[in-house]
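Colleague: Mind looking at a prediction? Sequence and model below.
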Amino acid sequence: MKNRRWIFIVLGIGLVALLGWQLMGSSPKEASELLISPQKGLFQVTVNTTGELRAKNSIDIRGPRQAQTVGIYQMSIASLVEEGTVVEAGDQVASLDPAPLKTKIAEAELALEKARTQYTQAILDTALTLSEKRNAIVNLEFDMEVKEAEMEQSKFEAPSVQQQVKLAYDRAKRAYDQAVESYAQQVAKSVAQVKEKEADMMRERNQLAELQKLLEAFTIKAPAPGMVIYYRDWGGRKRTVGSTIEPWNPTVATLPDLSVMESLTYVNEIDIQKIEKGQSVKVTLDAMPDKALNGRIREVANIGRQSPNSDSKVFEVVIELTDKDTTLRPAMTTGNEILIAEKAEALFIPLEALHANDSLSYVFKREGGSIVRQEVQVGMSNENDVEILAGLKTEDRIYLSIPEVEHIEALTLIRLENPTPPLAGEGQ
């Protein structure tokens, strides 16, 4: 029994040694190199982006547009209700800093008081001037009547005396007529001056009324019921307390219509050529990872913009959600998987298993006990895999990485005999 036990021990040690030699001595590289087989099934080409939900339709809550007409070109937000506040029509949403406007109101009040004083002074001056002219006319009329009486009495005097008296009368009458004409001109002039001062006063009064009305508009109220969402400028920054608005874009917040939502996202300049209106999109939510919604590309920008903190350009893309969901809220972060192309029964391999030399695409394939370079024809590709149109079958075994052999360029290259014509859209 003891001898038989030793025989089993020796045989066991020999078997272990044999296996160790096979694994570590004869082909150590096979243990470290991964062989895979091509997969067959649904193959999709997608572009993945992040975005932010917003309502497709909304009502703007705006400050006054007419501020520019009174020389105010920037207005600062002094107060603003919290984002997400539900308001009714007429509720106060925000207020603007009135300091610059109140300064203009004070200036307008002084200007109105000055114009009112000038108007009153013009009336008084007119009354005084016309009163003096009327008195002068009365005196000239009396003098003319005296001269006329003297002329009547001179009929019994010598002709030379009569001539002198008549000249004196003519002179008095001419002075009277000139005074009457001058009075009429003065009346017209005085009326015009008074009207001018009155117009100045009314203009200053209207200016003050316009400023006071504008001051009321500095208290911004909701035009309709809804949930307040802060407005974002072209750079994506929210307008909050302390932000500046301009008369040509005085929106401080919006009231979104939550029945139709869309995701606003940006696509880099490399992928934008693949994006078209109408493409299907799978939309996920960071706040609700288990929820997936369907959408479609509604709008693709023609002009790119500089990406913040980057030298690259991005293009704005709007994705309209075709699924309805009452739990969606503006500003939620979305993940957008834009479907570019797909094939139901495609043969594909990982990108790292594909190699290229100029225009030649190939893989390293296990052929019996040896390794060969197998030429392949590729189709579509995505971030992880590439479609194989010809050169491989599902039962083939290929290397995921370059095999560790000497003189790898000397490995046999098996060329394709009849390449498969690619379908439209393949090769992306």
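Modeller: Cool, the structure landed. Residues are numbered from 1 along each chain as shown.

Colleague: What is the subsequent helix or strand relative to the worst-scoring helix or strand of the chain on mean pLDDT?
Modeller: Of all the helices and strands that make up the chain, helix 28-32 has the lowest average by mean pLDDT, DSSP states H and E, namely a mean of 44. Moving toward the C-terminus from helix 28-32, the next helix or strand (DSSP states H and E) is strand 35-36.

Colleague: my read is Glu345 is in a strand, agree?
Modeller: Yes. The assignment for Glu345, made by DSSP: H, G, I helix; E, B strand; the rest coil, places it in a strand.

Colleague: hang on, isn't it packed against Gln39?
Modeller: No. With contact taken as CB atoms under 8 Å, Glu345 and Gln39 are classed as non-touching, separated by 11.1 Å. Where C-beta positions appear, they are placed from N, C-alpha and C, glycine not excepted.

Colleague: what are the phi and psi angles of Val252?
Modeller: For Val252, the backbone dihedrals are phi -110, psi -30 (criterion: degrees, to the nearest 10).

Colleague: Show the pLDDT at Ala424.
Modeller: As summarised for this prediction, Ala424 has a pLDDT of 51.

Colleague: For the longest helix anywhere in the chain, name the packing helices and strands.
Modeller: Among the elements of type helix in the chain, defined by DSSP state H, the one spanning the most residues is helix 159-217. Helices and strands touching helix 159-217, as assessed by 3 or more CB pairs under 8 Å, 6 or more residues apart in numbering; DSSP states H and E, comprise helix 99-153.

Colleague: which stretches of this protein have low pLDDT?
Modeller: Within the chain, the set of residues satisfying pLDDT under 70 comprises 1-32, 419-428.

Colleague: Which parts of it belong to which domain?
Modeller: For the chain, the domain assignment from automatic domain parsing gives the residue ranges 102-216, 257-343.

Colleague: Can you add distance to Leu400 and mean neighbour count and give these back as JSON lines?
Modeller: Written out in JSON lines, the entries for these read as follows (distance: least, CB to CB, whole Å; neighbours: other CB atoms under 10 Å):
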{"stretch": "domain 102-216", "distance to Leu400": "71", "mean neighbour count": "15"}
{"stretch": "domain 257-343", "distance to Leu400": "23", "mean neighbour count": "16"}
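
Colleague: out of these, nearest to His407?
Modeller: Between His407 and these, the shortest gap by CB to CB is with domain 257-343, which sits at 37.4 Å.

Colleague: distance between the ends of the closest one?
Modeller: Its start and end residues considered, domain 257-343 measures 37 Å (CA to CA, to the nearest Å).

Colleague: try stretch 218-237
Modeller: Its start and end residues considered, stretch 218-237 measures 22 Å (CA to CA).

Colleague: Okay, buried residues for it please.
Modeller: Taking 16 or more other CB atoms under 10 Å as the basis for neighbour counts, the residues of stretch 218-237 that come out buried are 218, 220, 222, 226-232.

Colleague: Which members of those define the maximum pairwise distance?
Modeller: Distance extremes for the buried residues of stretch 218-237: the farthest pair is Phe218 and Met227 at 23.4 Å, using CB to CB.

Colleague: So Glu345 and Gln39 - more neighbours on which side?
Modeller: Here Glu345 and Gln39 are set side by side on neighbour count (other CB atoms under 10 Å), and the busier one is Gln39, at 14 against 8.

Colleague: show me the contacts for that one.
Modeller: Taking CB atoms under 8 Å, 6 or more residues apart in numbering, we find Gln39 in contact with 347-349, 385, 394.

Colleague: Quick check: beta-bridge partners of it?
Modeller: The residues listed as beta-bridge partners of Gln39 by DSSP bridges are Phe348.

Colleague: So Ala78 sits against Ala99, correct?
Modeller: No. Using CB under 8 Å, Ala78 is not in contact with Ala99; the gap is 9.2 Å.

Colleague: Of those two, give the one with the bigger neighbour count.
Modeller: Regarding Ala78 and Ala99, a neighbour count based on other CB under 10 Å identifies Ala78 as having more, with 15 against 9.

Colleague: For that one, give its distance to Arg329.
Modeller: If you measure Ala78 against Arg329 using CB to CB, to the nearest Å, the figure is 27 Å.

Colleague: Ok, Leu215 next?
Modeller: 35 Å.

Colleague: what residue is smack in the middle of the chain?
Modeller: Against the mean C-alpha coordinate of the chain, by CA atoms, centre = their mean, the closest residue is Trp234 at 3.4 Å.

Colleague: Fine by me, we can end here.
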